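Participant: Sharing a sequence plus its predicted fold:
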Number of protein chains: 2
Amino acid sequence: MEPTFSIKDIAKYFNLSISTIRYYDKRGLLPFVSKNDAGYRVFTRSDMAFIKTICCLKDTGMPIRDIKQYIDYCMEGPKSIDKRKELLLKHKQHILMEEQTLKKNLKEIDQKIDHYTSGNAREIVASQVKYVQQEKKNLHLADPFSTN
Amino acid sequence: MEPTFSIKDIAKYFNLSISTIRYYDKRGLLPFVSKNDAGYRVFTRSDMAFIKTICCLKDTGMPIRDIKQYIDYCMEGPKSIDKRKELLLKHKQHILMEEQTLKKNLKEIDQKIDHYTSGNAREIVASQVKYVQQEKKNLHLADPFSTN
DNA sequence: ATAAACCCTAAACCATAGTTCAGGGCAAAT
DNA sequence: ATTTGCCCTGAACTATGGTTTAGGGTTTAT
């Protein structure tokens, strides 16, 4: 007989909290999970495959609403293939944009790190401070720098 | 005289809402922004440079609390260079991990897209459905698939 | 047969990151 | 001078994604 798993097993395996799993179930993400006579959730291997997909979508920033939509499509069988694909393609675009944003911003952060690392970091920073102070002074605005 | 900008200008330029800017100010992210006699915020070029950094950190997922910490360090002048660098290096690690997660999950999603795209997608999906149904049946659990 | 470890639901609660609203001043054009 | 468009604050409200608590069954080991 195939093995089954408790909510605790699944929580540990996917590094989710038990309450998160129950919350996902409440939000309709786990329509495939059965319950035994005592009302306990009984997870199977194929349930785990679905949950893996849910985690993958969640970890790439898909909102729960959309994950539910995808799972609902899955429960409809082969007739929803086109809709599933469309949903995943849209999400892929989102991921690619995220990656670009991350890459661009990482460059900016790396520049700042470099310049804090350079031998004359203190001079660079001091001159930035002076520039800001001069600009504020010219405009008769307050000097924002801590004076201690 | 250097130009100054209204909150509306800044909102448009950084694609933030006016209320988000006011919210950031309330959270302590904009200690460098002055106000005129009427109590209106007056933004300068150097303020914009700070805000650019704030957006960069925000867009890479840094919580507001930590952005405030960074800005506070900046307002301390050159003496906080090491702390700023440490904070950014930690954040860089976070970004790199995010990138890895995204890349790994994108692979998984691409696989699903591929398999929904393949000529025998219907057969693949149908056989997955059958596998799940068989597993559930063997364990005397409910069939989760819509039967319409 | 009873304690310890699990499981359940419902409902309240929390954190984060904003948005909206009420009430009111300032500024620019007519 | 008054309308229109901006700006302000404080406080309430929202959305998202959970976590915690209360109250109560189940299962397992002793």
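Facilitator: Here it is on my side, so go on.
Participant: how about low-confidence regions in chain A?
Facilitator: Within chain A, the segments meeting pLDDT under 70 span A:1, A:148.
Participant: Residue numbers of chain A in contact with DNA strand D?
Facilitator: Residues of chain A lying near DNA strand D by Cβ under 7 Å from any atom of the strand: A:17, A:19-20, A:22-24, A:36-40, A:58, A:63-65. Every residue, glycine included, has its C-beta placed from N, CA and C.
Participant: Just give the nearest non-adjacent residue to A:Val132, would you?
Facilitator: The shortest distance from A:Val132 to any residue other than its chain neighbours is 4.3 Å, reached at B:Ser46 (Cβ to Cβ, 6 or more residues apart in numbering or on different chains).
Participant: Would you verify that A:Glu2 is located in a strand?
Facilitator: No. Counting by DSSP: H, G, I helix; E, B strand; the rest coil, A:Glu2 is not found in a strand; it is coil.
Participant: Does stretch A:55-72 reach chain B?
Facilitator: Yes. Against chain B, stretch A:55-72 shows contacts by Cβ under 8 Å from any Cβ of the partner chain at A:Cys56, A:Leu57, A:Asp59, A:Thr60.
Participant: Provide a list of residues in contact with the last one.
Facilitator: Same thing as A:Thr60. A:His91, A:His94, A:Ile95, A:Glu98, B:Thr101, B:Leu102, B:Asn105, B:Leu106, B:Ile109 (Cβ atoms under 8 Å, 6 or more residues apart in numbering or on different chains).
Participant: now with 10 Å?
Facilitator: A:91-92, A:94-95, A:98, B:98, B:101-102, B:104-106, B:108-109 (Cβ atoms under 10 Å, 6 or more residues apart in numbering or on different chains).
Participant: do the same with the first one
Facilitator: By Cβ under 10 Å, 6+ apart, the contact set of A:Cys56 is A:Met62, A:Ile67, B:Thr101, B:Lys104, B:Asn105, B:Leu106, B:Lys107, B:Glu108, B:Ile109, B:Lys112.
Participant: what do you get if the cut-off is 6 Å, keeping everything else the same?
Facilitator: Neighbouring residues of A:Cys56 by Cβ atoms under 6 Å, 6 or more residues apart in numbering or on different chains: B:Asn105, B:Glu108.
Participant: Report the buried residues of the host helix or strand of it.
Facilitator: Taking DSSP states H and E as the criterion, A:Cys56 maps to helix A:45-59. By neighbour count with 16 or more other Cβ atoms under 10 Å in any protein chain shown, helix A:45-59 contains the buried residues A:Ser46, A:Asp47, A:Phe50, A:Ile51, A:Thr53, A:Ile54, A:Cys55, A:Cys56, A:Leu57, A:Lys58.
Participant: DNA strand D: which of the residues you listed is nearest?
Facilitator: Checking the buried residues of helix A:45-59 against DNA strand D by Cβ to the nearest atom of the strand gives A:Lys58 as the nearest, at 5.5 Å.
Participant: can you count the residues close to the closest residue to the closest one other than its chain neighbours?
Facilitator: Using Cβ to Cβ, 6+ apart and skipping residues adjacent in sequence, the residue nearest A:Lys58 is A:Ile67, 6.4 Å away. Counted with other Cβ atoms under 10 Å in any protein chain shown, residues neighbouring A:Ile67 total 22.
Participant: returning to that earlier point: hmm, the helix holding A:Cys56 touching DNA strand C?
Facilitator: No. Applying Cβ under 7 Å from any atom of the strand, one finds helix A:45-59 out of contact with DNA strand C, separated by at least 12.1 Å.
Participant: Same question for stretch A:126-146.
Facilitator: No. Judged by Cβ under 7 Å from any atom of the strand, stretch A:126-146 makes no contact with DNA strand C; its nearest approach is 13.9 Å.
Participant: Give me the contacts around that stretch.
Facilitator: B:Glu2, B:Pro31, B:Phe32, B:Ser34, B:Thr44, B:Ser46, B:Met75, B:Glu76, B:Gly77, B:Pro78.
Participant: let's see 10 Å
Facilitator: For stretch A:126-146, using Cβ under 10 Å, 6+ apart, the contacting residues are A:115, A:120, B:1-4, B:30-36, B:42-47, B:49-50, B:71-72, B:74-80.
Participant: ditto for stretch A:80-97
Facilitator: Taking contacts as Cβ under 10 Å, 6+ apart, the residues outside stretch A:80-97 that touch it are A:57, A:60-62, A:66-67, A:69-74, A:76, A:78, B:102-103, B:105-106, B:109-110, B:112-117, B:121-122, B:124-125, B:146.
Participant: again, only using 6 Å
Facilitator: Stretch A:80-97 has contacts (Cβ under 6 Å, 6+ apart) with A:Thr60, A:Met62, A:Tyr70, A:Tyr73, B:Leu102, B:Leu106, B:Ile109, B:Lys112, B:Ile113, B:Tyr116, B:Ala121.
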